[in-house]
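> need coordinates for the below:
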Amino acid sequence: MVRDDLYITVPSFFRCPISLDVMKSPVSLCTGVTYDRSSIQRWLDNGNNTCPATMQVLYTKDFVPNRNLQRLIQIWSDSVQSRVDSPESKSVTESESVPSKDQLLASIADLEGPNRVDSLARIVRFALVSEENRDFLAKVEGFVARLVGLMHNAGDGVQRVEILELVLKALDLVTEKIEDREWLKNTMLKKQQQSEKEGCNCLDSLLLVLQRGSLESRIASVRVLKSIAMDAESKQLIAEKEGLVSELLNLITPEKDPSLIENGLSCLIAISTPKRNKVKLAHLGAIRKFSNLLSESNSTVLITEKVLKLVETMSSRKEGRTEICEDPECVGAILNKVMKVSSVATEHAVTTLWSVCYLFRDQKAQEAVTKANGLTKILLLMQSNCSPSVRQMCSDLLKIFRVNSKSCLSCYDTKTTHIMPF
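Below you'll find the predicted structure:
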């Protein structure tokens, strides 16, 4: 592609982590790391079942084409080739592959033109470079409004998803830099309300990317969605969007990428506080999804903490408690995380058990705790360096089991936390 006397600096994220060559067909594994298709295929064909970069065990060996990165590589490659073909050019540097601020402003002005995909790709490329660039973008007058406008009117056909993916990646990169987040929320949800009769709005666009986008764009979509779930009204509007909560639950299955699961759980936490939303989550089978994640041995600490936070939230509603207690594996999975993950996870787990067993006296939950040897774990926890609130809840739980004549603790004095050797 280049002459021997021409020096080319290749952006590091364009190189395959295995071959170190510029990727021709970038694909992402379930770990979120992107490789050239031919390189990762050889790796897997040799019998490996881990991600070469992270050495994580792969939940699935399926590929997800990284079309946005492929387009960025193509734009960069075309730019390099044009300089190679020019007799005046002797070098191409990495800085030249990134748009200047003047070029960026021209790309923003062209967002409504026929070359909007290329313009969006340049904007994303500019934003990925540095915090300074993202600050600059967020302060460009009308930029964020144009992005929201494209979510509302991205057109039809093959390019619709591609445009929305780039829009959401750009929006995600600058969201934290936007000073008036309230304005962003109102603008996106105002378009949602105005467009309900037309059938095309911002939540429609977010849902479409969650269903059909790449891993990176799905994560961006979830993050943007979480950023506008700021109050009870916005959370309710999000939850009422047909199919949106169901799709968020589909993102948190154990075989999905951990980053996607973590962000999906964060979004669910953000929208789950209204009572109606908790009820909806219960009716959509959220507890079963949470139970599956808790039973997964390879879940990260952060994922486990977020799942237990959601289960605790659901236990505050009758519908949520019913689902928890009707699931034969859920209470056991919750109990199994006590003292095994983190103090945060332990507190969420104990609060849930206290809610269903002590506060609301569910017989099935009490039986599940006893069956899972929960009494021993509660006693051990009381002797640990747990918080006063956790110790008090454990004491309350022991009082419940003390009155059970079949319990080995029928004459146990809950004022003491000493455990006799077994």
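> hey, which helix is longest across this protein?
Among the elements of the chain assigned as helix by DSSP state H, the one spanning the most residues is helix 67-85.
> can you show me the CA trace of that helix as PDB?
The C-alpha atoms that make up helix 67-85 are tabulated as PDB, following Å, rounded to 0.1, in the frame of the first residue of the first chain:
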ATOM      1  CA  ARG A  67     -18.400  -2.400  11.300                       C
ATOM      2  CA  ASN A  68     -17.700   1.000  12.900                       C
ATOM      3  CA  LEU A  69     -14.100   0.200  13.300                       C
ATOM      4  CA  GLN A  70     -13.900  -1.200   9.800                       C
ATOM      5  CA  ARG A  71     -15.300   2.100   8.400                       C
ATOM      6  CA  LEU A  72     -12.800   4.100  10.500                       C
ATOM      7  CA  ILE A  73      -9.900   2.000   9.200                       C
ATOM      8  CA  GLN A  74     -11.200   2.400   5.600                       C
ATOM      9  CA  ILE A  75     -11.400   6.200   6.100                       C
ATOM     10  CA  TRP A  76      -7.900   6.300   7.500                       C
ATOM     11  CA  SER A  77      -6.600   3.900   4.700                       C
ATOM     12  CA  ASP A  78      -8.100   6.100   2.000                       C
ATOM     13  CA  SER A  79      -6.500   9.100   3.600                       C
ATOM     14  CA  VAL A  80      -3.100   7.400   3.600                       C
ATOM     15  CA  GLN A  81      -3.500   6.200   0.100                       C
ATOM     16  CA  SER A  82      -4.300   9.700  -1.200                       C
ATOM     17  CA  ARG A  83      -1.100  11.000   0.300                       C
ATOM     18  CA  VAL A  84       0.900   8.000  -1.000                       C
ATOM     19  CA  ASP A  85      -0.400   8.800  -4.500                       C
END
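> which helices and strands does that helix pack with?
strand 26-28, strand 91-92, helix 116-129, helix 159-174, helix 215-228 (3 or more Cβ pairs under 8 Å, 6 or more residues apart in numbering; DSSP states H and E). (Each C-beta comes from the backbone N, C-alpha and C, glycine too.)
> please repeat the previous calculation with a cut-off of 10 Å.
Contact here means 3 or more Cβ pairs under 10 Å, 6 or more residues apart in numbering; DSSP states H and E; on that basis helix 67-85 packs against strand 7-8, strand 26-28, strand 91-92, helix 116-129, helix 159-174, helix 215-228.
> looking at those, which is closest to residue 41?
strand 26-28 (8.8 Å; Cβ to Cβ).
> paired strands for the closest one, with orientation please.
Sheet pairing for strand 26-28, assigned by DSSP bridges, gives strand 34-36 (antiparallel), strand 64-65 (antiparallel).
> what residues sit buried inside that strand?
By neighbour count, with 16 or more other Cβ atoms under 10 Å as the criterion, the buried positions of strand 26-28 are 26, 27, 28.
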